[in-house]
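# Everything below, folded, please.
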Amino acid sequence: MDENQEVKRGCFLTGILVLELIAGICSIVSLILSKAGFISNPLAGIDYSTGMFTYTIIASIISIISIVLILKWKKVGVYIYVALSLIGFVESFLIAKNIEVIVIVSAVVSVLISLTIAYFSYKVIVKKENYELEE
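Here you go, the predicted model:
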């Protein structure tokens, strides 16, 4: 690597992470507003108990934290992101009333996209750490 060239994340990966950050914030806001009765339930048709509501809020907060950590070049953010992706994969089967092909396909595609983002984030973070060690 060139002496004056710093490791960069790339606009596509940064854009996806920023969009996920915005989605996490919007998720929290919409769930709180729907629970308070200000807007209609964004998840109509799903039996949404208080425990599931609490879990979703906590998962969204942890997701936001992991994305912020990834944006700050921390490996632990990638580990948390992968764990949440795998938990979300299992959760999609738990909340589905009927296990249909669309549920399986959407769960697999979702986890593959998340793992791909995690892989490239991890790869860039390791590259940046190696670059900093060389200096």
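
# Around Glu129, how many other residues sit close by?
As a burial measure, Glu129 scores 13 neighbours (other Cβ atoms under 10 Å). In short, each C-beta sits where N, CA and C put it, glycine included.

# name the helices or strands packed onto the helix or strand that contains it?
When elements are assigned from DSSP states H and E, Glu129 belongs to helix 101-134. Using 3 or more Cβ pairs under 8 Å, 6 or more residues apart in numbering; DSSP states H and E as the contact criterion, the elements in contact with helix 101-134 are helix 11-36, helix 75-95.

# Quick one: the ones you listed as CSV, columns for mean neighbour count and distance to Ile64 too.
Shown next, in CSV, are the helices and strands packed on helix 101-134 (neighbours: other Cβ atoms under 10 Å; distance: least, Cβ to Cβ, whole Å):
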stretch, mean neighbour count, distance to Ile64
helix 11-36, 14, 4
helix 75-95, 16, 11
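
# Adding distance to Ile67 and mean pLDDT as columns, could you present those helices in JSON lines?
As requested, the helices and strands packed on helix 101-134 are arranged in JSON lines below (distance: least, Cβ to Cβ, whole Å; pLDDT from 0 to 100):
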{"stretch": "helix 11-36", "distance to Ile67": "5", "mean pLDDT": "89"}
{"stretch": "helix 75-95", "distance to Ile67": "7", "mean pLDDT": "90"}
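
# before we move on, the earlier item: buried sites along the helix holding Glu129?
For helix 101-134, the buried set under the neighbour-count rule, 16 or more other Cβ atoms under 10 Å, comprises Ala107, Val111, Ser114, Ile117, Ala118, Phe120, Ser121, Tyr122, Val124, Ile125.

# quick revisit: can you add distance to Glu135 and give the helices and strands packed on helix 101-134 back as JSON lines?
Formatted as JSON lines, the entries for these read as follows, by distance: least, Cβ to Cβ, whole Å:
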{"stretch": "helix 11-36", "distance to Glu135": "23"}
{"stretch": "helix 75-95", "distance to Glu135": "19"}
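
# That concludes my questions; thank you for your assistance.
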